[in-house]
Structure formats: structure tokens, C-alpha cells
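In: sequence? don't have it. structure:
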């Protein structure tokens, strides 16, 4: 499997390399530290040249890249490994599922510089929305929560807030997952059906294609704002599969539809079962099917 072959080898742990790449996702800051993902490749030494997706830690506030920027950095690489305590969170599995090939620490160097500013893109838009939220909402905790729900940026949520969410069992409601995307699509389909009735479109277009169009469009928009990560992509595939079966007029029960969605998801992301959100997504789509089947 490519993901196994691409992992940085243990034999080269601590190797310094010069990399060039684009910042993907939203960088996270914690005091003087900045953490971000870099999709790029090694340019020196030439013998180690290869494309890599890096999870980078920079301890120099002056070199804190923003979403979408192109950077050249001197980094020290390490395999994507982490300690694991029994019953604790499996960080190494998370890194594997997120396709992180190596962990990188920025080494201060005159070679480091920004190669290009960020161009138009969804991550740049998300970063701009996050900046606007922080500027307009004076309460820091409230701003962090709004940013988390709106664009999936949870870096500013404090440890105390996470402690409260954990104690109340609401962590999954804060971190955007397939459940959020499914609920958003469901609300959009309900709105589309009501609009169809109010506009009296029955003689020109069927109701369910309109509901499907608005539902998938709304889910896609929300997934893009949330970063269009693998969980969001997985949920979109599941929703599209369900609507395709329904609109095709095929007689299929909930189990058959969920089974087809499972095959579609695994074709897109064979590593999907490694994430707990995989099972939550299927629970959400099962509830979605059950509720919608009660509607006339």
C-alpha cells in the first residue's frame, strides 16, 4: 500500500532536509509554536527527493505560514510515530489515517522563506472567516466555539472548554463530523420540499429531485467550509449513494442502501474504518434513512 511505502523510515529519523510545498488546511498556533500540514517534496539532498505530506511544528513565530502559502523550509524529519497508553488515544493511527508521511520540526535557517502568497482557495476562505469571527466576537471562548462549528477550526478552543465538553459528552457535537453534514443536508431537503409546495412546482418538476439537489448542494458547501476532510467526503458519498438509489426507483431497504454506501466509501477511502467517525457516519445515515422513510 502506498501509505505504508511513503512513511518516513526509522533509519532516517532526525534527517535534515530542505522541503518546498503548500500549506494545506488551517495552521494552528499555541503560544510561540505553529503547527500546520505541508504538501510538498524534498528538494535537497537530491538522493532523498520524494513527495511527502508533513505535519510541521515551527517554534519561530516569525515563520508562521498561513493557509495556502507556498514555503521553503529546512526541517528535521521523524517517522509518524507516537506513544500509546492502554485505553488512550491512538495518535499513530490518526496520523496514518490522515495520510501524514512524516513529522517535521522547522530548523532555523536563512534558507527558509515564503515562495508565494496564498491564491484563491477554500482554505484561504476558511481562514478569512475565522479571522472575521475572532475580530467581531469579543468573548474568546464564544469565538472559538463559533469558529469550530462554522469552519471546523477547533485550535482556539481552550482546554477548559474541552474538559467541559468531555464531561458532558458533547465533544462530537463541537468537532464537525459526518453527523453535522448529514443533519445540514436533512434540513436543506426539508426546506426544499416546503419551497416546492409553496411555489406549486408539482406540474413542472418532481419534488424529490429538487430535495436531492438542495440537500447535496448544502452538504457539499458545509463540507467545504469544514475543510473537506475525509469524514466529510465519506458522508457526501453516502448521501449521494442513498439519493441515487432512491431517485432510480429501485426497491431497496435501509440495509441494502447502507451496504451500497459502505462499498462506495471503501472504494474512496480504504482506510476509513480506522476512524471512529466512520461508524458514527453510518449511524447518522441510518437515522436519516429511517426518518425520511416515514415521510410521504
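Out: Right, received. Where do you want to start? Bear in mind the structure is a predicted one, so any value in this text is a computation, not a measurement.

In: quick check: what element follows the top strand by length along the chain along the chain?
Out: Ordering each strand of the chain by length in residues (DSSP state E) puts strand 16-30 first. Moving toward the C-terminus from strand 16-30, the first helix or strand encountered (DSSP states H and E) is strand 33-44.

In: returning to that earlier point: show me which residues of the longest strand of the chain are buried.
Out: 17, 18, 19, 21, 22, 23, 24, 25, 26, 27 (16 or more other C-beta atoms under 10 Å). C-beta coordinates here come from the backbone N, C-alpha and C atoms, glycine included.

In: now swap in stretch 114-130 and tell me
Out: So, applying 16+ other C-beta under 10 Å, buried residues of stretch 114-130: 118, 122, 123, 124, 126, 127, 129, 130.

In: avg pLDDT for the helix or strand containing the last one?
Out: Think residue 130. Element membership of residue 130, judged by DSSP H and E, is helix 122-136. In this model, helix 122-136 has a mean pLDDT of 83.

In: quick check: angle from the helix or strand that it is followed by to strand 16-30?
Out: Toward the C-terminus, helix 122-136 is succeeded by helix 140-151 as the next helix or strand (DSSP H and E). Put simply, helix 140-151 runs at 120 degrees to strand 16-30, going by axes from the mean of the first three to the mean of the last three C-alpha atoms, to 10 degrees.

In: number of residues surrounding residue 263?
Out: 11 (other C-beta atoms under 10 Å).

In: next one: the helix or strand hosting it to chain centre, how far?
Out: In this structure, residue 263 sits in helix 254-268 according to DSSP H and E. The chain centre lies 20 Å from the centre of helix 254-268; the measure is C-alpha atoms, centre = their mean, to the nearest Å.

In: just checking, what packs against it?
Out: Where contact means 3 or more C-beta pairs under 8 Å, 6 or more residues apart in numbering; DSSP states H and E, helix 254-268 is packed against helix 230-247, helix 276-293.

In: those: lowest mean pLDDT?
Out: Across these, the lowest-scoring stretch is helix 276-293, with a mean of 66.
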